[in-house]
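show me the folded form of this:
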Amino acid sequence: MAVNPQLSEGDNVPEFTAESDDAGTISSADLLGQKYVLYFYPKDMTPGCTTQACDFRDNLEKFKAQGYRILGVSPDSVARHEKFRDKESLNFTLLSDPDHELAEQFGVWREKKNYGKVYVGIVRSTFIVNEEGKIDTIYDNVRAKGHVDRLVRELEL
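This next block holds a predicted model:
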């Protein structure tokens, strides 16, 4: 596991390329000129991750009205993302990060504790990125429930 310094607000987004469920390969360079919400979550089709994804789905028009694109990232395969998207009628892009390279670049692949068990995985986090590819806001270690509502309020969508 590579150790990466935590990113800070105002930093450039790390350069990345990832396979998506709906648009082929997407890179940070492709996203320049667009505002986007990049959110990291542990696993498709689990209760918390489904809640969060459906909250983004249900609020997508509010984000789009302010020019934001939504991108979800987990270690799941593109095929699993497609099943998740279809099952939950998701209307935004999911990026596959099977080797957790993106998660490591963004500093969200970290030690976690759950019911006394210590392991390494994705710490649920969200990055708000502006058109210049700079991070405006970081929401680290968030709860799935209520997170999207908080984003809507704080981004004044």
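
from here on, just use CA atoms for contacts and neighbour counts.
Fine.

how about the strands in the chain?
Per DSSP state E, the chain carries strands over the ranges 17-20, 25-27, 35-40, 68-74, 93-96, 109-114, 117-122, 125-129, 135-139.

for M45, what are its contacts?
F84 (C-alpha atoms under 8 Å, 6 or more residues apart in numbering).

how about the backbone phi and psi for it?
As for M45, its main-chain torsions (degrees, to the nearest 10) stand at phi 60, psi 30.

any idea what the residue nearest in space to the middle of the chain is bridged to?
The residue lying closest to the centre of the chain (C-alpha atoms, centre = their mean) is Y39, at 1.7 Å. Taking DSSP bridges as the rule, Y39 bridges to G72, T126.

check what pLDDT it gets.
Note on Y39: pLDDT of 98.

for the protein, which spans come out with low pLDDT?
1-5 (pLDDT under 70).

packing partners for the lengthiest helix in it?
Counting residues, the longest helix in the chain under DSSP state H turns out to be helix 47-65. Counting contacts by 3 or more C-alpha pairs under 8 Å, 6 or more residues apart in numbering; DSSP states H and E, helix 47-65 packs against strand 68-74, helix 147-154.

so which of the ones you listed gets nearest E132?
Set against E132 and scored by C-alpha to C-alpha, the helices and strands packed on helix 47-65 come closest in strand 68-74, at 13.1 Å.

which one of the helices and strands packed on helix 47-65 lies nearest to G116?
Nearest of the helices and strands packed on helix 47-65 (C-alpha to C-alpha): strand 68-74, 23.2 Å.

got the angle for that closest one vs strand 125-129?
150 degrees (axes from the mean of the first three to the mean of the last three C-alpha atoms, to 10 degrees).

contacts for strand 68-74 next, please.
By C-alpha under 8 Å, 6+ apart, strand 68-74 touches 34-44, 56, 60, 63, 92-98, 100, 122.

now the buried members of the residues you listed.
The neighbour-count criterion (16 or more other C-alpha atoms under 10 Å) marks 35-44, 56, 60, 63, 92-98, 100, 122 among the contacts of strand 68-74 as buried.

burial of S27, as a residue count?
12 (other C-alpha atoms under 10 Å).

neighbours of the closest residue to Q6 other than its chain neighbours, just the number please.
Distances taken as C-alpha to C-alpha, 6 or more residues apart in numbering place G107 nearest to Q6, at 5.2 Å, with adjacent residues excluded. Around G107 there are 19 other residues, counting by other C-alpha under 10 Å.
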